[in-house]
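J.: Sharing a sequence plus its predicted fold:
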Amino acid sequence: MDPIVEVVALLLGFIGWVMVGIALPNRYWKTSTVDGNVITTSTIYENLWMSCAADSTGVHNCREFPSLLALSGYVQASRALMIVSIVLGTFGLVAALIGIQCSKAGGDNYVLKGRIAGTAGVLFILQGLCTLVSVSWYAFNITQEFFDPFYPGTRYELGEGLYIGWCSAVLAIAGGACLSCSCKLGSGEKYPLPYQVRGTGYSEAGPARSAAASTYGRNAYV
């Protein structure tokens, strides 16, 4: 395992985890601007938890969604996936802090530490996939409604919260992949060592037996 690669992977996973926490409460998952005169121009924006409106004077008015069951299915699924993503990232960070070589938390058992670090890499990848599916599914529904000529409701555009989520997913997957690959390379370098020692032991025992046999043969003729 390369300690530098492990530290870089840990930093990528941590930044991705922080960005998930920023994207989840962000209010601008989708936005829509209603143009009018100076007074009636307003901006409508929503996220997974509430819907807000702001006029040109800077007055904001937000209301939370009154019922969970009344929401669209993709909104409920996006909520669940984002929460699961944060939980997976939390466990991944704890496992990575224990499993990397420069940490003293896991002791000196580097085989166990490598397995823990590999598990952390898998958790980071799962975190990134959950975030990626959540924001991509949400964005797909926005674009589908926007380009549907028969859609009667408000047409929204992609908000900044979705872009933060995409960046978080890329960082988490990259960090998890680096951590998993570094652990595989490190484990492949350590396993052949015991077999080399055993082979050397057997090769030394062979000449000793042949020498003993030749000595016994000479004494037999005396």
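T.: That came in fine, so what should we check first?
J.: Give the closest residue to the residue most central in space within the chain in space, chain neighbours not counted.
T.: By CA atoms, centre = their mean, the chain has its centre lying nearest to F124, at 2.6 Å. Distances taken as CB to CB, 6 or more residues apart in numbering put G176 closest to F124, at 3.1 Å, once the chain neighbours are dropped. Just so you know, the C-beta spots here come from the backbone N, C-alpha and C atoms, and that holds for glycine as well.
J.: any low-confidence regions in the chain?
T.: Counting by pLDDT under 70, the chain shows low-confidence ranges at 1, 35-41, 106-107, 183-222.
J.: Kindly recompute the last result at 80.
T.: Residues of the chain that meet the criterion pLDDT under 80 lie in 1-3, 33-42, 55-59, 102-110, 153, 182-222.
J.: The helix or strand that contains the residue nearest to the centre of the chain: how far from the chain's middle?
T.: Using DSSP states H and E, F124 sits within helix 110-146. Distance of helix 110-146 from the chain centroid (CA atoms, centre = their mean, to the nearest Å) equals 5 Å.
J.: So in that sheet, which strands flank the helix or strand just after that helix, and in what orientation?
T.: Per DSSP H and E, helix 110-146 leads on to strand 157-158 as the next helix or strand towards the C-terminus. Sheet pairing for strand 157-158, assigned by DSSP bridges, gives strand 30-34 (antiparallel).
J.: Could you tell me the angle between the strand or helix carrying the residue nearest to F124 and helix 110-146?
T.: Assigned by DSSP H and E, G176 belongs to helix 160-190. Angle between the axes of helix 160-190 and helix 110-146 is 150 degrees (criterion: axes from the mean of the first three to the mean of the last three CA atoms, to 10 degrees).
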